[in-house]
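# Kindly generate the corresponding structure for this input.
(one chain, ligands or ions: 2)
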Amino acid sequence: MHIHPKEEIRGFILSLPLVHPFKTSFGEERERKFALIRVRRGELEGWGEVVASEAPLYSEETLASAVYLLKNYLFPMALSCGLDPRCFEAEAEKFRGNPMAKAGLSLALWDLEARRRGLPLHRVYGGVRKEIPSGVSVGIQTGLDELLSRIDSFVREGYLRVKIKIAPGWDCEVVKEVRKAFPQIPLGADANSAYGEGDLERLSCLDGADLLFLEQPLYPDDLYFHSLLKKKIKTPIALDESVKNLRKMKVGYLMDSYSLVNIKVGRMGGIGEVLRAAEFASERGIPLFCGGMLESGVGRAHNLHLASLEPFVLPADISRTQRYYHRDLTPPFDFSTPGYIPVPQGEGIGVDVDNAYLEKITLESF
Ligand code: OSB
Ligand code: MG
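Ligands and ions are numbered 1, 2, ... in the order given. Okay, the predicted model is just below:
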């Protein structure tokens, strides 16, 4: 008789205090509450991160809705797939939405799969980069002086691109001053959908600042008004929230809604969708960058492997660990040479989770 090694899935709800509060057009975070997913087969484990937050501000999903779905539907689904990531992702498509719940488990299954094959994840994906150019996303500050001094210290550290969060009242003037103080840095601005169809003319105020991109200025589900905006302004449009899957990316391409795309696995519902999006981008020459959701070391390790794919040609929203957390659940990620974070070379995600610390900060497990 064939004996199956024991298969098990467990979720952990955790909270980590941020080194610095992170303010966007939709709110301010001082700590990050999220979930980690651990899958086990015999001696092997795989880890994933669920990036949904407590309130539905970035997207409709919440941590509570993700935990509900995982516990009641997605864990049993993955077990009935024998923890096979492709089987799970295909099965999970029958549920509408909820990409962050699906992605958290998908990531854990891919990590396990890579470890089973004795390969680092980026080799399983066919990544081409050994180190990832690193950018930093800087929240809305209480004043211009604070912003300029934060940017100054990030630039001195070696970050290769700075992205500042903008919102009505913290936009044209701020971007102009940042550009004046840092004439050379690759600079982007992210509005997290703070503007509407009445603001299209106004956003051309950014055109003089030689921005690399304006990210997601309009509604989080919109492609049409972004295509109108793209015709009106010179600044390249990057989409984040609006690109919820490959189909949205295709439609946005056909409608000419963007010049580049911020890719987040949590937003797109799993690795399979990201790999298909990367293939599409590669065929069309669409530049991508890997986004971030202030992940712990587990999520950031996954992001490093994804950012090694060929079309991810722009600096990623993957910063040094010390920019997010004093103490993380994995060993810290840092620059090898200034501005570059190496892709972990061990099996799977290539880093181990500090189980003692995990146990200490777990609020609840499921
Ligand atoms: O819009 O890219 C975003 C963080 C939380 C939610 C949305 C966004 C972000 C970031 C942070 O910009 C990027 C990072 O993890 O460093
Ligand atoms: Mg964004």
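# Report whether stretch 316-327 contacts ligand 2.
No: counting by Cβ under 5 Å from the ion, no contacts exist between stretch 316-327 and ligand 2, the nearest distance being 7.8 Å. From N, CA and C alone the C-beta is placed, and that goes for glycine too.
# so what's the residue nearest to A307 when sequence neighbours are not counted bridging to?
Spatial nearest neighbour of A307, chain neighbours left out: C290 (3.8 Å); criterion: Cβ to Cβ, 6 or more residues apart in numbering. For C290, the beta-bridge partners under DSSP bridges are I263.
# I'd like the numbering to begin with 30 instead of 1 from here.
In the new count, where the first residue is 30, that last one comes out as C319.
# State the distance from C319 to N332.
C319 sits 5 Å away from N332, going by Cβ to Cβ, to the nearest Å.
# With L92 instead?
From L92 to N332 the distance is 19 Å (Cβ to Cβ).
# ditto for I161
To N332, I161 is 8 Å away according to Cβ to Cβ.
# Quick check on the residue in the stretch 30-179 of the chain that ligand 1 sits nearest to: phi, psi?
In the stretch 30-179 of the chain, no residue comes nearer to ligand 1 than S166, which is 3.5 Å away by Cβ to the nearest ligand atom. With angles defined as degrees, to the nearest 10, S166 sits at phi -100, psi 120.
# which residues touch it?
Counting by Cβ atoms under 8 Å, 6 or more residues apart in numbering, S166 touches 192, 194, 219, 321, 346, 348.
# Identify the bridge partners of it.
Bridge pairing for S166 - DSSP bridges - gives K192.
# can you pull the pLDDT of it?
Looking at S166, its pLDDT is 98.
# Neighbours of the residue of the stretch 280-395 of the chain found nearest ligand 1, how many?
Nearest residue of the stretch 280-395 of the chain to ligand 1, counting by Cβ to the nearest ligand atom: G321, 2.3 Å away. By the criterion of other Cβ atoms under 10 Å, G321 has 22 neighbours.
# dump the residue contacts of the nearest residue to it once chain neighbours are set aside.
Take G321 and drop its neighbours on the chain: the residue closest to it by Cβ to Cβ, 6+ apart is D346, 3.8 Å away. Residues in contact with D346 (Cβ under 8 Å, 6+ apart) are 164-166, 192, 291, 318-321.
# L92 and N332 - which one has more neighbours?
A direct count of neighbours by other Cβ under 10 Å for L92 and N332 places N332 higher, at 30 against 20.
# part of a strand, is F41?
Yes: remark: F41 belongs to a strand, assigned using DSSP: H, G, I helix; E, B strand; the rest coil.
# Tell me the bridge partners for it.
L65, S394.
# my guess is E58 contacts P46, does it?
No: using Cβ atoms under 8 Å, E58 is not in contact with P46, being 10.1 Å away.
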